[in-house]
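Asker: Structural data only, the sequence is not supplied:
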């Protein structure tokens, strides 16, 4: 075949936009600025760890991404779509699920009611089945009020919301805080399965080493500013890891 008759090379497919892109974000509470010019990216289908000492602004960043705290400057995009001015429910409709610190559940409702209220219309039964498949103990507690569950079971219920909604991006804030080691193992195994099923995850956790074992990218916040961004492996070998995260690594 002559060069003139050769088929044209296939056009390269454009790369998928990041699951999350935060650019130059500044925000805070009342007159207090907590985050200053913060930029992070969570590539599509990946896990990023957001680490740092207590009071660094990690939870504030997740609240800003999910829309519960307005941006004073900067831009937030989900899947390439600018949501900086969008309300929390609109961001949820874009595939965002925020699992806050402190087990974001409806304590007065039963386990079943917590699961069905999080499900898509018409998928209530499937939502319960998916949650129980992920955390079988919840199947034994469906009629129990969520506020009477153990701390570990409440955290499982909170995480199950991420499973039943099938979100594209999950924000996880200190899911292992205060839990027994065996429950922590279950939670990290669940998050790993979510990642393997294609969800993108921004993970805040006290156990730095375990978080970094799941992550491809890592960010470290200190006093509201990013002091490290790069691969998880680069962070583990850096002075930043030893200086800001050493104690968390030892506890893991």
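Answerer: Structure's in. What do you need? Every value quoted in this text rests on a predicted model; they were computed, and no experiment measured them. Numbering: from 1, shown residues only.

Asker: could you pull out the strands for the protein?
Answerer: Ranges of strands in the chain, per DSSP state E, are 20-29, 32-42, 47-51, 73-78, 81-82, 96-99, 169-173, 200-204, 217-222, 225-231.

Asker: buried stuff in the first one?
Answerer: If you call a residue buried by 16 or more other C-beta atoms under 10 Å, then strand 20-29 has these buried ones: 20-22, 25-28. Backbone N, C-alpha and C define where each C-beta goes, glycine included.

Asker: and the strands of the chain as JSON lines, adding distance to residue 181 and mean pLDDT?
Answerer: Shown next, in JSON lines, are those (distance: least, C-beta to C-beta, whole Å; pLDDT from 0 to 100):
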{"stretch": "strand 20-29", "distance to residue 181": "30", "mean pLDDT": "98"}
{"stretch": "strand 32-42", "distance to residue 181": "28", "mean pLDDT": "98"}
{"stretch": "strand 47-51", "distance to residue 181": "20", "mean pLDDT": "97"}
{"stretch": "strand 73-78", "distance to residue 181": "34", "mean pLDDT": "98"}
{"stretch": "strand 81-82", "distance to residue 181": "39", "mean pLDDT": "97"}
{"stretch": "strand 96-99", "distance to residue 181": "20", "mean pLDDT": "93"}
{"stretch": "strand 169-173", "distance to residue 181": "18", "mean pLDDT": "96"}
{"stretch": "strand 200-204", "distance to residue 181": "18", "mean pLDDT": "97"}
{"stretch": "strand 217-222", "distance to residue 181": "23", "mean pLDDT": "96"}
{"stretch": "strand 225-231", "distance to residue 181": "27", "mean pLDDT": "96"}
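
Asker: May I see those strands arranged in JSON lines, with distance to residue 112 as well?
Answerer: What follows is the strands of the chain, written out as JSON lines (distance: least, C-beta to C-beta, whole Å):
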{"stretch": "strand 20-29", "distance to residue 112": "31"}
{"stretch": "strand 32-42", "distance to residue 112": "32"}
{"stretch": "strand 47-51", "distance to residue 112": "30"}
{"stretch": "strand 73-78", "distance to residue 112": "30"}
{"stretch": "strand 81-82", "distance to residue 112": "33"}
{"stretch": "strand 96-99", "distance to residue 112": "19"}
{"stretch": "strand 169-173", "distance to residue 112": "22"}
{"stretch": "strand 200-204", "distance to residue 112": "26"}
{"stretch": "strand 217-222", "distance to residue 112": "37"}
{"stretch": "strand 225-231", "distance to residue 112": "41"}
